[in-house]
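Asker: quick one, fold the following:
(chains A, B, C, D, E and F, ligands or ions: 5)
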Amino acid sequence: MLKQFHQLVSPKYFYNLAVLLTPWFAWLTILLMIAGLYGGLVFAPADYQQGESFRIIYVHVPSAWMSLFIYVVMAVAGGVGLIWHIKIADVVAKSCAPIGASFTFLALATGSLWGKPMWGTWWVWDARLTSELILLFLYLGYMALQSAFDDRRVAARASAILALVGLVNIPIIHYSVEWWSTLHQGATVSKMDAPSIHIDMLIPLLIMALAFKAYFVTIVLLRSRTEILEYECNSSWVSKLLNKVESRT
Amino acid sequence: MTSYWNAFRVIFLRDIILASRYRAELANPLIFFIMVIVLFPFAFGSDPDLLRRVTAGMIWITALLASSLSLEGIFRSDYADGSAEQMVLSGYPLTLLVAAKIAAHWCLTGLPLIIIAMLTAYLLSLPTQALQALFLTLFLGTPVLSLIGAIAVALTVGLRSGGMLLSLIILPLYMPILIFSMLAVENAMADIPFDAELYFLSGMLVLSVTLAPIATAYSLRIRMS
Amino acid sequence: MTSYWNAFRVIFLRDIILASRYRAELANPLIFFIMVIVLFPFAFGSDPDLLRRVTAGMIWITALLASSLSLEGIFRSDYADGSAEQMVLSGYPLTLLVAAKIAAHWCLTGLPLIIIAMLTAYLLSLPTQALQALFLTLFLGTPVLSLIGAIAVALTVGLRSGGMLLSLIILPLYMPILIFSMLAVENAMADIPFDAELYFLSGMLVLSVTLAPIATAYSLRIRMS
Amino acid sequence: MSIQEFFHMGGYGFYVWSSYGLTAIVLIFNVIQSLSLQRKTLRELKNRLRRLREK
Amino acid sequence: MMERQTAQDDHTEDAGLSQLEVSGLECIRQDIILFQDISFKLQSGDLLQVDGLNGSGKSSLLRILAGLMQQNAGKISWQRKEISTCRYEYQQELSYIGHLNGVKDALTALENLRVMVALAGSKPEFPLSKALDQIELVGMESIPLSRMSAGQKRRVALARLFITKAAIWLLDEPFTSLDASGKLVIERLIAEHCACGGIIIFSTHQPMEIKDCSIMHIHLGKK
Amino acid sequence: MMERQTAQDDHTEDAGLSQLEVSGLECIRQDIILFQDISFKLQSGDLLQVDGLNGSGKSSLLRILAGLMQQNAGKISWQRKEISTCRYEYQQELSYIGHLNGVKDALTALENLRVMVALAGSKPEFPLSKALDQIELVGMESIPLSRMSAGQKRRVALARLFITKAAIWLLDEPFTSLDASGKLVIERLIAEHCACGGIIIFSTHQPMEIKDCSIMHIHLGKK
Ligand code: HEM
Ligand SMILES: Nc1ncnc2c1ncn2[C@@H]1O[C@H](COP(=O)(O)OP(=O)(O)OP(=O)(O)O)[C@@H](O)[C@H]1O
Ligand SMILES: Nc1ncnc2c1ncn2[C@@H]1O[C@H](COP(=O)(O)OP(=O)(O)OP(=O)(O)O)[C@@H](O)[C@H]1O
Ligand SMILES: [Mg+2]
Ligand SMILES: [Mg+2]
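Answerer: Numbering: from 1, shown residues only, chains lettered A, B, ... in the order given. Ligands and ions are numbered 1, 2, ... in the order given. Reported below is the predicted structural model:
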């Protein structure tokens, strides 16, 4: 068990695993995406209150969920790297940031696009919206800090600290709708016992959420591969690998 | 143990003395505060009702800005004149020394800030229960600002793009404290109990008192290398 | 004459390059601004009417703080690394070099500040006529802030109690600008003409453009000896 | 349901399609950027290797 | 903690009293290899001068030895343990004086010394007043360093050496700004510390003379 | 503006080409009289070394001569005019290098040199690239000074001497942090400037040698 773990966290093994897994996740993403889009745009009935505009839910909510989820992944990976000096964890954490930022941006943008027809305004300064904006800053700060250091190891450690400290914001964003009276929708889907949403609407949403997750894994694997190569550029297995690639081309 | 305490005390006192020498640092957040408050009625007109509604928020934002701005210098001079090197190389855990520095920072900015803020709030005739909530939130919140801010400062000290990065990093970290403090004050104004918010702030305080000096020391060490 | 212009240009560009190297200084007032604006709704609640009434004042106060805070550093590093000595000893009138530095400071803080402030005001949905007044007052007012502030900074750079003195000196000088700007915005909101206020601000600007660099250079020379 | 109705989205076409469009753009951009980064890094590392070997 | 005995005793009785070993050290800055494969072994009483032109990496080497910078390769061991595994013990045995004085301009000499003592983590060897006497600043106790001359500031920084009990001294151009008599004081101090079984690694561009000590040299950079 | 001729020519033909006269100078700091009744007269080609212990007032004297500090008594005249009456002309003939380098850490060597040239107020003597060559920093043009070693920074500050046309040089411990070869370059430069009819006043604690020049000395403080 321990041996397997060590193998897994060895950069070389992880690299090969990532190379193996990337296409699988890519295909999974595409399949789920097609299913989700069909379900969301065609199959699901229009909402009796919001009409067709509610279909934005199928991009907005998964993006919003991912923006929170990825941050947690990033912080945990950073913490693992910080404590146990596991390179793979550093690499994964670093790879998460741009995707997380993208999803945060998407949540903001699609939320805005949804808000205009629903609330009559693109933007209100309420708790959830503002805290999501701040989450975007958090991602940007993380990336800026990563790039401010010349040394990879130093950058990884410094930004891991930041990510961990920023973790307090996640529950705040999540619960903001309950703590403040806001325009934003309360928990409708994620209520554990009985989601207050029609099952025909729910299923495509869950499929879309899975599609986004698969997408996230794909991109993280892809970016991690690059990062690992840079991280390990002095080791023999990387030069061997590069030789192989070179002789092939 | 006593020698640990002694090291803490010396660094703490050193920073206090330094600030009192350069009275700049000592008084800056205060003057800053006073400035804001004096300019306040000019900026918002003298409608007493409006002023009352804005006061607590204004005080908290100012406290936040004052804290983050004065924090920026907390390690800068140490870094520039080589004192940080010597602290890293001292015979004591860096965490301890960093904790002393943060404590000094709070005593120099947070504490006087609370006093002035209360005075201001009183002058602007904030209702008593709001006054009380404001005091409690400031008392619990400002140390957290110093503690969390110190981590961000340590991460960015001496970096090329330090200041900008610092603000970018510090802002999201300060957000929860501001949010809960303002909630508490609002609840107090509406005569709703605000225990939950105070518990949250206390939790943050305990957490950051125990963890922030470690994180700061660690960050500083990272920055030195 | 051309060589005068060249010296001005070189110092101006040097400060711009320095700021872009340490992007800190460049963006700090901006981030500062963004920070205030983002935290704004948390501090004041999200009542749009209240927000609208507070916006202009908030923007001006923030501009004032951003300006005075970034001014503090305008001569600090020159003083610490000996560049100020070399400027005093250069073959050009110190007034010219100081003017270049102030111009650079305004371009680095005032100008972007105006842009961001307008954006903010728009985002917080200030009415159009107030927007216009805000723009004009900021445009006339921020250079005055830089110019007047520089005198005070030059007087106090490197002084033991620098910062405190500085704020004390600057504050009363800044007050009239703030007052007249806010009057102009208020008038605009109420659809009353605000020419008188603009004339006053223009007068301040002309006066300070001609006199402030001289006073600053003189103060700096005094401080060197 | 006709194609036209489908694109019209009950009057909300603009909002719905911009949302989906934006999402598509961002997601695809991420893929392209990651791939190009990978290509660039590989090229740089290869150059570096070659330089080291020459030394 | 190092004891003040004569060097001879130490060497014969217990050669391993203090031992600093460096092997295969490498430092890369700005993609330039400053040095590579630096190895040496120092024992109680050894004095090592780091030579090299401006920018050859002397300060970098000293900072790496102090643990302030990370080497790119190689290892450093103190008493046969890698220093990364015994950071605190190592640091307690270490006194580093770099290009920066590491003193506060706004504090007086005495206040600065007090901070040094507190941070050194051990009772000072010397009463502070005696240290002040040694650096010839008696009578200036209550003047902040900002009102002192360059040499006087450097003296305050060097006063650290009088009050520390550390065995290893890392001195980066200690003689900067010092006048002849100040230089003499420090030279004497160095000789004494070596004689008592300390280890000193230093760099300087100035000609100097240490009595009763053979100076080892290490040369960085090309030439 | 000073002309590059040989010193001999100057002296015989026009002894007053440059002339700096100091009489009865006094400086008090912290209620201590640092020096009193300092008088001397320097002409083209003269080289004056200010000696004294740490804190004896060397830097203070140089700063007073540069017009950066006010003397407590006495007067300084340049070409027979009091310097307070002809500040700008005097400053244009002056190049001062103090303990502080007066260069910007965030700028590269080349950018720093450009600023120096612009402030010098005259076309540089030398193309900048040649000045960089002289201070042995070729290839480091695009590195900010914050990533340079102490000696390299000092070299950039000293590069001012290559590009200035000023007649009077005031150098406060110019050799700080320089290695032997850097010191040689500056020594040669000093000798050359004197030979060309410049005036140099400098202080240093290091032994030095200037060829073909007799160094005058002035001693500050007791001893
Ligand atoms: C810029 C505007 C908006 C932002 C920044 C935003 C942000 C978010 C975030 C962060 C979440 C995830 C919360 C969590 O998982 O705890 C979320 C969920 C959600 N949002 Fe938005 N949103 C915006 C506008 C809207 C609008 C206009 C609507 C609909 C009228 C909407 C409906 C929803 C729904 C239904 C959920 C799912 C709630 C659940 O977890 O059950 N959002 N939004
Ligand atoms: N900024 C200052 N303010 C007040 N007094 C000062 C200041 N700088 C130096 N002094 C005092 O003036 C005296 C002379 O200082 P100065 O710097 O001229 O000495 P120096 O001869 O250059 O010494 P060094 O060889 O150390 O450079 C010192 O004894 C010091 O106490
Ligand atoms: N902070 C830094 N960041 C990056 N590179 C640096 C830094 N400081 C120095 N360097 C580079 O490392 C090299 C060695 O610098 P170091 O300070 O070790 O030299 P040194 O031998 O001490 O020189 P000096 O005699 O001038 O003090 C220099 O060539 C410089 O370019
Ligand atoms: Mg060095
Ligand atoms: Mg001196």
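Asker: where does the chain have low pLDDT?
Answerer: Unless you meant another one, I'm taking chain A. A:1-8, A:48, A:180-183, A:188-196, A:246-249 (pLDDT under 70).
Asker: that's the wrong chain, I wanted chain D
Answerer: D:1, D:55.
Asker: top helix in it by residue count?
Answerer: In terms of residue count, the longest helix belonging to chain D (DSSP state H) is helix D:13-54.
Asker: who are the packing partners of that one?
Answerer: helix A:57-84, helix A:87-119, helix A:199-231, helix A:236-248 (3 or more C-beta pairs under 8 Å, 6 or more residues apart in numbering or on different chains; DSSP states H and E). Heads up, the C-betas are built off the backbone N, CA and C, glycines and all.
Asker: do the shortest one and chain D come into contact?
Answerer: Yes: using C-beta under 8 Å from any C-beta of the partner chain, helix A:236-248 reaches chain D at A:238-239, A:242-243, A:245-246.
Asker: which SSE is immediately downstream of the lowest-mean-pLDDT helix or strand in chain E?
Answerer: Ranking every helix and strand in chain E by mean pLDDT, DSSP states H and E puts helix E:7-13 at the bottom, with a mean of 41. Counting by DSSP states H and E, the next helix or strand C-terminal to helix E:7-13 is strand E:19-29.
Asker: dump that following strand to PDB, keeping only the CA atoms.
Answerer: The C-alpha trace of strand E:19-29 is given here as PDB (Å, rounded to 0.1, in the frame of the first residue of the first chain):
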ATOM      1  CA  GLN E  19      33.400  20.400  12.500                       C
ATOM      2  CA  LEU E  20      32.000  22.000   9.500                       C
ATOM      3  CA  GLU E  21      32.100  20.000   6.300                       C
ATOM      4  CA  VAL E  22      31.000  21.100   2.900                       C
ATOM      5  CA  SER E  23      31.000  18.900  -0.100                       C
ATOM      6  CA  GLY E  24      30.100  19.400  -3.700                       C
ATOM      7  CA  LEU E  25      28.500  22.800  -3.200                       C
ATOM      8  CA  GLU E  26      27.100  24.400  -6.200                       C
ATOM      9  CA  CYS E  27      25.400  27.800  -6.700                       C
ATOM     10  CA  ILE E  28      23.700  29.100  -9.800                       C
ATOM     11  CA  ARG E  29      22.400  32.700 -10.100                       C
END
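Asker: any buried residues in that strand, and which?
Answerer: Within strand E:19-29, the residues that count as buried by 16 or more other C-beta atoms under 10 Å in any protein chain shown are E:19-22, E:25, E:27.
Asker: and chain A, which residues reach chain E?
Answerer: residue A:151.
Asker: quick check: closest non-adjacent residue to residue B:6.
Answerer: What sits nearest to residue B:6 in space, not counting adjacent residues and going by C-beta to C-beta, 6 or more residues apart in numbering or on different chains, is residue E:118, at 6.0 Å.
Asker: wait, what's in contact with the one you found?
Answerer: Contacts were defined as C-beta atoms under 8 Å, 6 or more residues apart in numbering or on different chains; by that measure residue E:118 touches B:6-7, B:9-11.
Asker: starting at the chain centroid, how far to the helix or strand hosting it?
Answerer: Using DSSP H and E, residue E:118 sits in helix E:109-120. Relative to the centre of its chain, helix E:109-120 is centred 17 Å away, using C-alpha atoms, centre = their mean, to the nearest Å.
Asker: right, and the helix or strand after it?
Answerer: Next along from helix E:109-120, by DSSP H and E: helix E:128-134.
Asker: helices or strands up against that next one?
Answerer: helix E:109-120, helix E:150-163.
Asker: ok, the residue nearest to residue D:34 when sequence neighbours are not counted - how many residues close by?
Answerer: Setting aside the residues directly before and after it, residue D:34 is nearest to residue A:222 in space (C-beta to C-beta, 6+ apart), at 4.6 Å. Counted by other C-beta atoms under 10 Å in any protein chain shown, the residues lying close to residue A:222 total 23.
Asker: please list all residues in contact with the residue most central in space within chain A.
Answerer: Centroid-nearest residue in chain A: residue A:70, 3.6 Å away (criterion: C-alpha atoms, centre = their mean). For residue A:70, the residues meeting the contact criterion (C-beta under 8 Å, 6+ apart) are A:96, A:99-100, A:103, A:216.
Asker: then residue E:181?
Answerer: Taking C-beta under 8 Å, 6+ apart, one finds E:136, F:53 in contact with residue E:181.
Asker: which element, helix or strand, includes it?
Answerer: helix E:180-195.
Asker: about what we covered before: let's see the pLDDT reported for the residue nearest to residue B:6.
Answerer: Per-residue pLDDT puts residue E:118 at 84.
Asker: who in chain E is up against ligand 5?
Answerer: With C-beta under 5 Å from the ion as the criterion, chain E meets ligand 5 at residues E:149-150.
Asker: any idea which residue of chain E lies closest to ligand 1?
Answerer: Residue nearest to ligand 1 within chain E (C-beta to the nearest ligand atom): residue E:70, separated by 39.8 Å.
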